[in-house]
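> only the shape, not the letters, is given here:
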């Protein structure tokens, strides 16, 4: 099962490094921008598959992804104290994302744009991101967790 988790993690990494996501930036993208996109993809993933029967596997995926993020931060060269602070900040950011998109389907487009502007406040065209994540959310909603895991592990 661990192989499936690394494939899911790599899938989110691939999505978050998509050059189209950065074309409307008003500055050069940085690590925190990529991390924000990673966390947004992951938040939509958890929102779509959250259920009682999926809770243990989602917890394992959550733990695995944040362990991988911590390893990535270590590779960048942060020290132990910095890593603990950074991870706390990233986990808090992620939980605020999950909270903001919890009732996504019930929000108007303007409310959705406002939610994105909380996390993506340095963009020139936030409508692009709304369209992008609406499409991503729709793709996720058409698959079960099991089929998603299988399709990601067998590209």
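Here it is on my side, so go on. All values reported here derive from a predicted model rather than from experimental measurement.
> go ahead and confirm residue 61 touches residue 11.
No: in this structure, residue 61 is not within contact of residue 11 by C-beta atoms under 8 Å, at 11.2 Å. Using the backbone N, CA and C atoms, a C-beta is placed for each residue, glycine as well.
> of these two, which one has the most company?
Neighbour count, other C-beta atoms under 10 Å: between residue 61 and residue 11, residue 61 has more, with 22 against 17.
> which residues touch the helix or strand harbouring the more buried one?
Using DSSP states H and E, residue 61 falls within helix 55-76. Helix 55-76 is contacted from outside by 1-2, 5-6, 8-9, 12, 31, 35, 38, 42, 46, 49-50, 83, 86-87, 90-91, 145, 149, using C-beta atoms under 8 Å, 6 or more residues apart in numbering.
> which parts of that helix are buried?
57, 61-62, 64-66, 68-70, 72-73 (16 or more other C-beta atoms under 10 Å).
> show me what contacts the closest residue to residue 123 other than its chain neighbours?
Spatial nearest neighbour of residue 123, excluding adjacent residues (C-beta to C-beta, 6 or more residues apart in numbering): residue 24 at 5.4 Å. Residue 24 is in contact with 123-125, 128, counting by C-beta under 8 Å, 6+ apart.
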